[in-house]
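Peer 1: No letters, just coordinates:
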């Protein structure tokens, strides 16, 4: 039988522990507002752990004339890179060129070219690609990332895994991001600044009572309910934002989301260098092939409509085969189903702008405040991971008028936990960690600095040998690290750890993951028992 607990008033109650909810909670807490965040599952358990893992401007969005979105994202890339050089780093992308490259028929650029250059029949001329890359280099300004250059694929290592017909390519810059860790570190930073972060806590209902919101939540582990009171509600439910509007807070809204499923496959390592590929198909679509977790290659993504946010998104056999065939058009050695070791899929909650296709739907965000019924609510529609911090700033710009005297913008340049070092110092930190903890393998030392940055030293503590780190669960994962993740990063299950706090699920067996899950379950039970005594 559940019991109900009532809380005192808080300024903001944020629904959703994806990157938008976590980013807003962090920004608000840093301005001195009291914040509660509720996530019905684990942090980043939906869209925010299922991206293509890139901080990028969106080169292909230039074809849709979304210049402002691209410019905003390009400026933001380096702001984010400087604030989190452990979980984000520069990448070079190789775009092979051939004469059969085509636009998707629905893009404004395609329609324009078909009108003024009908003989091209939708093909992309080389000069147009160079123009697009020139804009990409210069729209947002660059301090760290190098600009575009031309690559001779017949001479460099970039051409070795590709078919012989690809002789020339363009190489440009973007950034990698560990998306789920980004979400967790934002939530953790919010908590350290005073926010209450509740995972596996479902919002059952929310109703306006006089001048505030009364929100009922249920702890999904214990079944206990709580009643929260907040002056303002933030609906950052991602794919569920529409459902929350209709069934939880029950307000009228003309805005909506378009659910678009994006699927990815992870294969055995397909090539030896550390650059990524930007592949363009004869159907006008694009995919990336990206070095992944040292020994693998990530290929994606697709764009397919998804009707139900509660239906677990999965990479279908058709999508898997499509990605394999697409990549095989470029790689000399065909990519087959046997090469695929894992796949994942996420639902992007795009703002519904009435676009004709999932691919054409805008990736920009829309923020809407509704306060006609008394206490205000902010609904968050759309967005992309690269602009999450700007989205949070935009959200606070709409929130602060309801809280006079609130501090202004502050997040630009402020590092996330563990990220207070320069981008170029990463390799030095790995070397330093390995030198001080001599039992670490090169893979282990690099993995720890990638995950925790300067806090890798806190994770290892005073350990002199591997045995000092407690039980070993495989693939360099130890009890000491698990305790850190449970205590500092809201992890509760093995899935939280091996698929969202890291990707060691690619290296651990089912038995090893089951052993870890039992260990964590026992640990949680013991902790709850101690708290009750």
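Peer 2: Great, that's in hand. Being a predicted model, the structure only gives us computed values, none of them experimental.

Peer 1: Quick one: distance of the longest helix along the chain to the chain centre.
Peer 2: Longest helix of the chain, by residue count under DSSP state H: helix 510-532. Averaged C-alpha coordinates place helix 510-532 at 27 Å from its chain's average position (CA atoms, centre = their mean, to the nearest Å).

Peer 1: what sits up against it?
Peer 2: 471, 473-475, 477, 479, 482-483, 486, 491-495, 497-498, 505, 508 (CB atoms under 8 Å, 6 or more residues apart in numbering). C-beta here means a position set from N, CA and C on the backbone, and glycine is covered the same way.

Peer 1: again with stretch 179-195
Peer 2: Residues contacting stretch 179-195 (CB under 8 Å, 6+ apart): 17-19, 22-23, 25-26, 28-30, 34-37, 43-44, 48-51, 53, 84, 87-88, 197, 385, 388, 416-419, 451, 488-490, 499-501.

Peer 1: Same question for stretch 431-448.
Peer 2: 294, 430, 449, 456-457, 459-460, 463, 465-466, 476, 502.

Peer 1: same thing with stretch 91-99?
Peer 2: Contacts for stretch 91-99 (CB under 8 Å, 6+ apart): 54, 123, 126, 129, 133, 146, 151, 153, 158, 162, 165-166, 168-176, 275-280, 288, 290, 330.

Peer 1: What of stretch 52-61?
Peer 2: Here stretch 52-61 has contacts from 66, 69-71, 73-74, 76-77, 80-81, 88, 91, 132-133, 136, 139-140, 172, 174-179, 262, 264, 278, 286, 288, 290, 298, 300-301, 363, 384-386, using CB under 8 Å, 6+ apart.

Peer 1: that older thread, buried stuff in the longest helix of the chain?
Peer 2: 512-513, 515-517, 519-520 (16 or more other CB atoms under 10 Å).

Peer 1: Check the average confidence over that helix, would you?
Peer 2: On average, the pLDDT along helix 510-532 is 91.

Peer 1: End to end on stretch 52-66, go ahead and measure it.
Peer 2: Start-to-end span of stretch 52-66 (CA to CA, to the nearest Å) is 20 Å.

Peer 1: cool, stretch 497-510 as well?
Peer 2: 14 Å.

Peer 1: Residue 170 belongs to a strand?
Peer 2: Yes. Assigned with DSSP: H, G, I helix; E, B strand; the rest coil, residue 170 falls within a strand.

Peer 1: what's the spacing between it and residue 283?
Peer 2: Computed as CB to CB, to the nearest Å, the residue 170 to residue 283 distance reads 21 Å.

Peer 1: Check residue 200 too.
Peer 2: 41 Å.

Peer 1: Looking at those two, which has the bigger crowd around it?
Peer 2: Using other CB atoms under 10 Å as the criterion, residue 200 and residue 283 rank with residue 200 on top: 21 against 12.

Peer 1: What about the closest residue to that one other than its chain neighbours, how many residues nearby?
Peer 2: Residue nearest to residue 200 in three dimensions, not counting chain neighbours: residue 220, with 4.4 Å by CB to CB, 6 or more residues apart in numbering. Neighbour count of residue 220, defined by other CB under 10 Å: 13.

Peer 1: Could you measure from the closest residue to residue 253 other than its chain neighbours over to residue 331?
Peer 2: Excluding the flanking residues, the one nearest residue 253 by CB to CB, 6+ apart is residue 245, at 5.1 Å. Per CB to CB, residue 245 is found 45 Å from residue 331.

Peer 1: More neighbours: those two, which one.
Peer 2: residue 245 (22 against 17).

Peer 1: Might you report the residue contacts of that one?
Peer 2: 235, 251, 253, 379.

Peer 1: Dump those to CSV, plus distance to residue 396, secondary structure and pLDDT.
Peer 2: Output for these, formatted as CSV (distance: CB to CB, whole Å; DSSP: H, G, I helix; E, B strand; the rest coil; pLDDT from 0 to 100):
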residue, distance to residue 396, secondary structure, pLDDT
235, 15, strand, 97
251, 21, coil, 81
253, 21, coil, 74
379, 15, strand, 95
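
Peer 1: Neighbour-wise, which one of those leads?
Peer 2: residue 235 leads the contacts of residue 245 on contacts (other CB under 10 Å) with 29 neighbours.

Peer 1: surely that one meets residue 381?
Peer 2: No. Applying CB atoms under 8 Å, one finds residue 235 not in contact with residue 381, separated by 9.3 Å.

Peer 1: Overlap of the contact sets of these two?
Peer 2: In contact with both residue 235 and residue 381: residue 241, using CB under 8 Å, 6+ apart.
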